[in-house]
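Participant: quick check, what structure comes out for this input:
(chains A and B)
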Amino acid sequence: MKLYEYQAREIFKKYGIPVPPGDIAENPKRVREIAEQIGKPVVIKAQVLVAGRGKAGGIIVAETPEDAEKISEKLIDSSIKGCLVKKVLVVEKINILKELYLSITVDRSKRAYCFIASRRGGVNIEEIARTSPEDLTKVYIDPLVGLQEYQIRKILNFLKLGELSKELKGIIKAMYSIFLDYDCELVETNPLAISAENKVLALDTRMIIDDNSAYRHKDIEAPEEEFSEYERIAREKGFSYVDLDGNIGIIGNGAGLTMATMDLVYFYGGKPANFLDIGGGARAEKVKEAVKLLLANPRVKAILINILGGITRCDEVARGIVEALKESGKDKPIFVRMMGTNEEEGKEILEKVGIKAYESMEEAAKAAVEVVK
Amino acid sequence: MILVDKNTRVLVQGITGREGSFHTKAMLDYGTKILAGVTPGKGGQSVHGVPVYNSVEEALTEHPEINTSIVFVPALYAPDAIYEAIDAGIRLIVVITEHIPLHDELRVISYARLKGVWIVGPNCPGVISPGESKVGIMPGHIFEKGVIGIVSRSGTLTYEIAHLITKAGLGQSTCIGIGGDPIVGMDFIEVLELFEKDKETKAVVVIGEIGGTMEEELAYWIKKRGYSKPVVAYIAGKTAPPGKRMGHAGAIITMGMGTASSKIKAFEEAGVAVAKTPREVIDLLLKKI
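Facilitator: Residues are numbered from 1 along each chain as shown, chains lettered A, B, ... in the order given. So this is what the prediction gives:
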């Protein structure tokens, strides 16, 4: 679960990390009020989850409260990289002396926590890693031991903040606490800035909470826009679902097999419209919902279903497909590959309504690609 | 074969649950020797003839031959079950459970590694040495005793490729699903080290997917030290967009890392043949052995 900047900012504040004065607003009038309270030039920041919102015009400086109101009239309800801006964060414009980068994440292959610190900030960390890796350091923390003082010193020595090291130490410790307390995949501040007044401030704040831990953090409102309309419906119905930009709808059982089915469509020259994993042991009812979802999506011109039966039964899958066609009244070409538990019964059910079941996933994918050409 | 064989004696943790009970039956039908099950508070019951105990310690007192555990305990309680099995001295723990919170998973796996205990998973189909033992949830009839070692981050895709290997008459020595989570116990390199020493295994199939850098690390490892047996790889998720989780918690491209193309390139540079489709895995295997 990705948090909006303003949500992460509130948590940073709660843990004593300095952030610029400001507040969240949903309308231009409120933006003006906040700017007036601040009494200095402000930065208006669109609250969207996509990366690169600055370059896309989602971060704008306003010199006066009037300007702030005018700018936000255009920004609120506009679209940044396809995401609707519902809220903006209005903060004091800080005079920046220096920009740094600091984050903590989980390093998958080292099976450890990892602090990443960079002497360069304000640009994305991938770019820093690519263009000036010498500006970046990583400190690995054993999850059974936890953060040690020498590790903090290592980060401080690398960033060389002199008399501000004490403040930075507090920020490192607070970010570490947030990371653990909120079961995070990532806690990031970029940039972490040194202001002209010689203060260390988290100018941008980002957090990703582990989905499997979300039940422990019900007080945090889940951002809606992380998912498209179809993604949201599919999630409510208990599917793993991701929208893609092609026109062949994909249904599979198991994440790896479903991805391999998408790849196969691409391999034969087609474009997958989505990833939909019905999971293990899906009954007819669930399959029906999955097929109906793709039948209802106007972008989907054909549907490719790939089932490897084990605990999932082919006859249940077939029944689900037939019922979906009956209930929705829609008709799109459907290509089914099924193998395994109750394969024969499944094929029989499909044949009765004129759907051919293929032996191999290659044949089925080829046929689906052919029909949308 | 590696990890499981005729001498494997199994404990099922979470045996009284729906999944635990269903797969206990399936494993027994396959011929797996299951000696006991554990569900706290349900001691004294029996599931498909397997006695149930309240704790791992009790089960081990009654059945000291147990050397392997399989965990079906729900995500919230699974880490506790794994700690219990580690502390009781079980050396191989297969964790089927999906959705274990990331930080809990990280700690329990770190603890297991510190104690020298193998964890397979979490969020995995388990391990099968065809004709010997099945400690997992895979459909046993797809597999046949043979010469190919399979290691995979996936479930059904593994069955797909295993089935093709069976049809081609090669069969499998052992097939291991290491799990689809961001943090897993055994990794590709550790499994390939075991396959290299195993005399039944003539070639290894690695089934990877987007997310993380485990495939790249395996490729660098092979490139650096060489590998005495042919390796064929397949990577799922070439058409997956960045930043989106593709079903598995671990199948996500983040910060530019974990793309299929990066993995394919690393394997090719290490001289590992990469199949473009699942079926091509077989063509490449037949060419190499």
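Participant: as a quick check, tell me the outermost residue of chain B.
Facilitator: Using C-alpha atoms, centre = their mean, the residue of chain B lying farthest from its centre is B:G44. It sits 30.5 Å away.
Participant: distance check, it against chain A.
Facilitator: B:G44 is 29 Å from chain A, where distance means C-beta to the nearest C-beta, to the nearest Å. (Glycine included, C-beta is placed from N, CA and C.)
Participant: now B:V191
Facilitator: Distance of B:V191 to chain A, computed by C-beta to the nearest C-beta: 15 Å.
Participant: and the residue of the stretch 51-200 of chain B that's closest to chain A?
Facilitator: Minimum separation of the stretch 51-200 of chain B from chain A (C-beta to the nearest C-beta) falls at B:S154, amounting to 2.6 Å.
Participant: show me what contacts that residue?
Facilitator: By C-beta atoms under 8 Å, 6 or more residues apart in numbering or on different chains, the contact set of B:S154 is A:G254, A:A255, A:G256, A:L257, B:G177, B:G180, B:I207, B:E209, B:A236, B:H248.
Participant: ok, what's across the strand from the fifth one?
Facilitator: Following DSSP bridges, B:G177 is listed with bridge partners B:G126, B:S152.
Participant: give me the pLDDT for it.
Facilitator: For B:G177, the pLDDT comes out at 98.
Participant: and it, what does it touch?
Facilitator: Residues near B:G177 by C-beta under 8 Å, 6+ apart: B:120-121, B:124-127, B:136, B:138, B:152-155, B:158.
Participant: just say helix, strand or coil for the residue of the stretch 51-200 of chain B closest to chain A.
Facilitator: Following DSSP: H, G, I helix; E, B strand; the rest coil, the label given to B:S154 is coil.
Participant: what's the answer for the one 4 residues further on, then?
Facilitator: Here B:T158 takes the helix state, with states given by three-state DSSP.
Participant: cool, A:E345 as well?
Facilitator: Judged by three-state DSSP, the three-state class of A:E345 is helix.
Participant: run through the residues that contact A:S78.
Facilitator: A:A46, A:L84, A:V85.
Participant: who wins on neighbours among these?
Facilitator: Highest neighbour count within the contacts of A:S78, by other C-beta atoms under 10 Å in any protein chain shown: A:A46, with 27 neighbours.
Participant: distance of that residue from chain B?
Facilitator: 18 Å.
Participant: spatially nearest residue to that residue, not counting backbone neighbours?
Facilitator: The shortest distance from A:A46 to any non-neighbouring residue, by C-beta to C-beta, 6 or more residues apart in numbering or on different chains, is to A:G58 (3.6 Å).
Participant: not counting sequence-adjacent ones, nearest residue to B:M257?
Facilitator: Nearest non-adjacent residue to B:M257, counting by C-beta to C-beta, 6+ apart: B:T213, 6.1 Å away.
Participant: what about that neighbour, how many residues nearby?
Facilitator: By the measure other C-beta under 10 Å, the count of residues near B:T213 is 17.
Participant: pretty sure it contacts A:R108?
Facilitator: Yes. If you go by C-beta atoms under 8 Å, B:T213 and A:R108 touch, sitting 7.2 Å apart.
Participant: pLDDT below threshold where in chain B?
Facilitator: Scanning chain B for pLDDT under 70 picks out no residues.
Participant: what sits against the residue nearest to A:A46?
Facilitator: A:G58 makes contacts with A:K45, A:A46, A:V48, A:L75, A:I80, A:V85, as judged by C-beta under 8 Å, 6+ apart.
Participant: show me which residues of stretch A:174-182 are buried.
Facilitator: A:A174, A:M175, A:Y176, A:I178, A:F179, A:Y182 (16 or more other C-beta atoms under 10 Å in any protein chain shown).
Participant: just the pLDDT for A:E225.
Facilitator: Listed pLDDT for A:E225 reads 68.
Participant: ditto for A:N157
Facilitator: 96.
Participant: now the element after the one helix or strand it maps to, going C-ward?
Facilitator: Secondary structure assignment for A:N157, by DSSP states H and E: helix A:149-159. Next along the chain after helix A:149-159, taking DSSP H and E as the criterion, comes helix A:165-181.
Participant: report all helices and strands that the next helix or strand after that next one contacts.
Facilitator: Using DSSP H and E, the helix or strand that follows helix A:165-181 towards the C-terminus is strand A:184-195. Counting contacts by 3 or more C-beta pairs under 8 Å, 6 or more residues apart in numbering or on different chains; DSSP states H and E, strand A:184-195 packs against strand A:96-107, helix A:165-181, strand A:200-202, strand A:205-209.
Participant: that older thread, how close does the residue farthest from the centre of chain B get to B:D87?
Facilitator: Note on B:G44: its distance to B:D87, by C-beta to C-beta, to the nearest Å, is 23 Å.
Participant: could you report the neighbour count for A:A117?
Facilitator: Using other C-beta under 10 Å, A:A117 is surrounded by 23 other residues.
Participant: OK, contacts around it?
Facilitator: A:A117 touches A:L100, A:Y101, A:L102, A:L136, A:T137, A:V139, A:I155, A:F158, A:L159, counting by C-beta under 8 Å, 6+ apart.
Participant: now do A:I71
Facilitator: With contacts defined as C-beta under 8 Å, 6+ apart, A:I71 is in contact with A:V31, A:I44, A:I60, A:A62.
Participant: identify the farthest-apart pair in these.
Facilitator: A:V31 and A:I60 (10.9 Å; C-beta to C-beta).
Participant: overlap of the contact sets of these two?
Facilitator: Contact criterion C-beta under 8 Å, 6+ apart; residues shared by A:V31 and A:I60: A:I44, A:I71.
Participant: more crowded one of the two?
Facilitator: Using other C-beta under 10 Å as the criterion, A:V31 and A:I60 rank with A:V31 on top: 28 against 18.
Participant: host element of the more buried one?
Facilitator: Assigned by DSSP H and E, A:V31 belongs to helix A:28-38.
Participant: pretty sure A:T64 is touching A:I38, no?
Facilitator: No. Using C-beta under 8 Å, A:T64 is not in contact with A:I38, being 11.1 Å away.
Participant: look at B:D181 and tell me its secondary structure.
Facilitator: Using three-state DSSP as the criterion, the local structure at B:D181 reads coil.
Participant: tell me which parts of the stretch 201-350 of chain A are close to chain B?
Facilitator: A:210-213, A:216, A:240, A:242, A:244, A:252-260, A:262-267, A:272, A:275, A:277, A:280, A:308-311, A:339-341 (C-beta under 8 Å from any C-beta of the partner chain).
Participant: now which of those residues would you call buried?
Facilitator: Buried subset of these (neighbour count, 16+ other C-beta under 10 Å): A:210-213, A:240, A:242, A:244, A:252-260, A:262-267, A:272, A:275, A:277, A:280, A:308-311, A:339-341.
Participant: ok, back up a step: for the contacts of A:A117, which one is nearest B:V50?
Facilitator: In terms of C-beta to C-beta, no member of the contacts of A:A117 lies closer to B:V50 than A:V139, at 47.4 Å.
Participant: which helix or which strand is home to that closest one?
Facilitator: Counting by DSSP H and E, A:V139 is part of strand A:136-141.
Participant: check whether that strand comes into contact with chain B.
Facilitator: No. Between strand A:136-141 and chain B, judged by C-beta under 8 Å from any C-beta, nothing touches; the nearest distance is 10.7 Å.
Participant: all the helices of the chain, residue numbers only.
Facilitator: Let's take chain A. Secondary structure of chain A by DSSP state H: the helices cover A:5-14, A:28-38, A:65-75, A:125-131, A:149-159, A:165-181, A:229-236, A:255-267, A:284-296, A:314-328, A:343-352, A:361-372.
Participant: oops, wrong one, chain B.
Facilitator: According to DSSP H, the helices that chain B contains are B:18-30, B:56-62, B:78-87, B:102-114, B:156-167, B:188-197, B:214-225, B:260-269, B:278-288.
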